[in-house]
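Asks: fold the following and give me the result.
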Amino acid sequence: MCPLVQLISWIVQTQDAFAIDTPPFPLRASSEIAFGPAHPVSEASLPKAVTSEKPVASQVSFPLVASLLDAVDRPLLVSDRSGQILFTNLHANDALRARGLDTGTQLNLFRDVLQADRKDVLSQLEGGEHQVDLPFDSVETRGRARVRWLPEPDWLTVYVEPTPVDPPAGEAQMRETVQELMQEREITYRNLLAAYLRLQEANRQKTVFLASAAHELKTPLAVMKGYYDLLLTGSLGKLSVRQQDILQESKESCDRLVRLVSMFLNYSALESGKLVLQLHENDLRDCVNDMIGRWQDAYQRANVRLELQMDPDLPLFNFDYQKVQQCMVNLIDNALKNTPAGGTVTLRAQPHFWERRVAETSTPEDRRRDAAQRENSVLVSVADTGSGIAAEFHQEIFEEFVRVDPSSSGMGLGLAITKRLIQAHRGKVWVDSELGRGSTFSFLLPIFVE
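Replies: Numbering: from 1, shown residues only. Down below sits the predicted model:
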């Protein structure tokens, strides 16, 4: 077999190791091919073994061999047994120049390139070694030369591959630290996820317990409240003033328990997502008057004046009568608790133009015209003359189980439930307050116009 053909066959067979691109390879003029170090070599100057089989060799052009060698992505050299370099690819020329070798002179593979003993290398290859690895370092990179033997043409092929550079000690330590941090982060994430799931389960069980306790208390409290009303009306006999006062205080405590139970039931319904609004066309004036009538006595005993300012033009609109009334009860109850004797609590209800309700469906001009023509919501506010609330608590007080004054009575659920019920009506609730100047809790309910 022609040596050139055998070289091509060997390169193709080892293309996986050398990462050779698949043909076709671009052919170039023989003057562009580096046979030996940096200068073209004619066919006549090659060993006879290269040109002896002319019928076969005539089918293999030197440009094809050069293109095939250049397709290898690493330096590749071919020499004869004495070390005379026959072929090099472009990467090999660059590597030789990087080592400070003058490619314009005749270089010897063993003496100049590998700097190794020729007899020692040949004895290892002839002794059965598949390849001989030798160091091949330059100023910029480190590598190793893999020397192999082609027996038939008696050629040596040298393939240079880079040696992985060990990272500096500091970089290795940093990588190890980053690895440990990544593992710790993964463990922390899993622990947090497990803790979150446990908290979710505990919260669910708490909600179930509150709902169960509220249902169990609801019936006996209703019976007690009925008996208190029956006794206070004198149906079971005449009562002294002292007895009436005791029964009245007991009835008020029972009413507080009833409201607390109702609060628990609503909270559990909100937490479980089972709240259903009963939206019907109602008169807000009836809802307010009904609620005010039940609180007049409590305000009189606390020596707090309860004022009602209701716009006579309040329209009929769709809302849940019981849920909205409960929101107002929560605000009235909080105002009574935080207003000293001799103070005043004022409940106002009036039509209101809520610009945000029409912001998505109208232009600014339409909104300004609507503001002057008609209202699209109802504004309800409860103002007191109490001590007020610091600005940093204006958002926090609407969260569950939050109380600004830990010594105050209650569970801290009233405002949280009010916020959720108003939002369920697609409304909003907020507070305006300053320390020493009282508080005003307000909520907006949209009017749904067909």
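Asks: would you map the strands across the stretch 1-150 of the chain?
Replies: Along the stretch 1-150 of the chain, counting by DSSP state E, counting those that start in this stretch, strands occupy 76-80, 85-88, 132-135, 143-150.
Asks: can you get me the start-to-end distance on stretch 419-428?
Replies: One end of stretch 419-428 to the other measures 7 Å (CA to CA, to the nearest Å).
Asks: closest one to Pro340 among the strands of the stretch 1-150 of the chain?
Replies: strand 143-150 (89.6 Å; CB to CB). Bear in mind the C-beta positions are built from the backbone N, C-alpha and C, glycine included.
Asks: list the buried residues of the closest one.
Replies: Gly143, Ala145, Arg146, Val147, Arg148, Trp149 (16 or more other CB atoms under 10 Å).
Asks: and for stretch 92-110?
Replies: Ala92, Asn93, Ala95, Leu96, Leu101, Thr103, Leu107, Leu109, Phe110.
Asks: from those, which land in helices?
Replies: Using DSSP state H, the subset of those located in helices is Ala92, Asn93, Ala95, Leu96.
Asks: the longest helix along the chain packs against which elements?
Replies: The longest helix of the chain (DSSP H) is helix 169-232. On a contact count with 3 or more CB pairs under 8 Å, 6 or more residues apart in numbering; DSSP states H and E, helix 169-232 meets helix 241-272.
Asks: the helix it packs on vs helix 169-232, what angle?
Replies: Interaxial angle, helix 241-272 versus helix 169-232 (axes from the mean of the first three to the mean of the last three CA atoms, to 10 degrees): 140 degrees.
Asks: buried stuff in the helix or strand that helix 241-272 is followed by?
Replies: Helices and strands here follow DSSP states H and E; after helix 241-272, the next one along the chain is strand 280-282. Judged by neighbour count using 16+ other CB under 10 Å, the buried positions of strand 280-282 are Asn282.
Asks: paired strands for strand 280-282, with orientation please.
Replies: Next to strand 280-282 in the sheet, as set by DSSP bridges, lie strand 317-319 (antiparallel).
Asks: so what touches the partner strand?
Replies: Leu279, His280, Glu281, Asn282, Leu284, Val378, His425, Leu445, Ile447, Phe448 (CB atoms under 8 Å, 6 or more residues apart in numbering).
Asks: if we use 7 Å, what do you get?
Replies: Leu279, His280, Glu281, Asn282, His425, Leu445, Ile447, Phe448 (CB atoms under 7 Å, 6 or more residues apart in numbering).
Asks: and the furthest pair within the buried residues of stretch 92-110?
Replies: Most distant of those, by CB to CB, are Asn93 and Phe110, 18.5 Å apart.
Asks: for Gly386, helix, strand, or coil?
Replies: coil (DSSP: H, G, I helix; E, B strand; the rest coil).
Asks: distance of it from Gly343?
Replies: According to CB to CB, to the nearest Å, Gly386 and Gly343 sit 7 Å apart.
Asks: kindly report the same for Leu316.
Replies: 33 Å.
Asks: could you do Met263 as well?
Replies: Applying CB to CB to Met263 and Gly343 gives a distance of 25 Å.
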